[in-house]
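Q: Sequence first, then the predicted structure, then my questions.
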Amino acid sequence: GDGVPDHLDNDDDGDGIPDNQEDEDGDGIPDHLDNDDDGDGIPDNQEDLDGDGIPDHLDNDDDGDGIPDNQEDLDGDGIPDHLDNDDDGDGIPDKQEINYDKPSQNINKLKMYQESNQDVRDHDDVDEEGEPMPGRRKLLAVVDSDGDGIPDDEDDDDDND
């Protein structure tokens, strides 16, 4: 949404971190040099989010929801996500969101936890009652977009389509 085409933009996701310094998986290799930006063991050029056999970088609908990626509108405000400064419509600009998943992964969800010690997110950071463990994360509001009782970050179908 800043009006500058990504190929000319030094910060195309608008998060305040220049593209040449982004390091999504924290492995010390800047994403523009990293063959596996997210550290999942699958090379970026082979990522296939929807499992349709078309690599995401060639797929016009890489999440397989029937809506072309350039028309996705997570919050339904009429502004496509790639032009929207607040994809999820929660009133917090995307570049200010904590633990906001990268749009390049098309998983535009606000995660449940705020890092207090910058370790890798795992469910051991809360006790059985969902309370934060000492020195761990503070629990933020649980987002359940489709109202099925399963938090979006654990729901394989969080928009219930």
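A: Received, thanks.

Q: By mean pLDDT, which helix or strand of the protein comes out lowest?
A: When each helix and strand of the chain is scored by mean pLDDT, DSSP states H and E, strand 113-114 comes last, with a mean of 38.

Q: what are the ranges of the helices in the chain?
A: With helices called from DSSP state H, the chain shows none.

Q: Endpoint to endpoint, stretch 73-90 covers what distance?
A: End-to-end distance of stretch 73-90: 13 Å, with Cα to Cα, to the nearest Å as the criterion.

Q: And the protein, split by domain according to the record?
A: Residue ranges for the domains of the chain, per automatic domain parsing: 1-95, 111-161.

Q: Need the mean per-residue confidence for stretch 51-71.
A: For stretch 51-71, the mean per-residue pLDDT is 90.

Q: low-scoring stretches of this protein, by residue?
A: 1-2, 97-142 (pLDDT under 70).

Q: surely K95 meets G14?
A: Yes: here K95 reaches G14: they are 4.9 Å apart, a contact under Cβ atoms under 8 Å. Just so you know, the C-beta spots here come from the backbone N, C-alpha and C atoms, and that holds for glycine as well.

Q: quick one: common contacting residues for those two?
A: Taking Cβ atoms under 8 Å, 6 or more residues apart in numbering as the contact rule, K95 and G14 both touch N85.

Q: Tell me which stretches of this structure form strands.
A: Assigned by DSSP state E, the chain shows strands spanning 113-114, 138-139.

Q: Report the contact partners of the closest residue to L49 other than its chain neighbours.
A: Excluding the flanking residues, the one nearest L49 by Cβ to Cβ, 6 or more residues apart in numbering is D62, at 5.0 Å. With contact taken as Cβ under 8 Å, 6+ apart, D62 is in contact with D48, L49, D50, I54, D56, D69, N106.

Q: Distance check, D62 against I54.
A: Computed as Cβ to Cβ, to the nearest Å, the D62 to I54 distance reads 8 Å.

Q: swap in G147?
A: Remark: distance between G147 and I54 (Cβ to Cβ) = 32 Å.

Q: who's more crowded, these two?
A: I54 (14 against 7; other Cβ atoms under 10 Å).

Q: The more buried one is in contact with N45, isn't it?
A: No: contact criterion Cβ under 8 Å: I54 and N45 do not qualify, at 12.0 Å.
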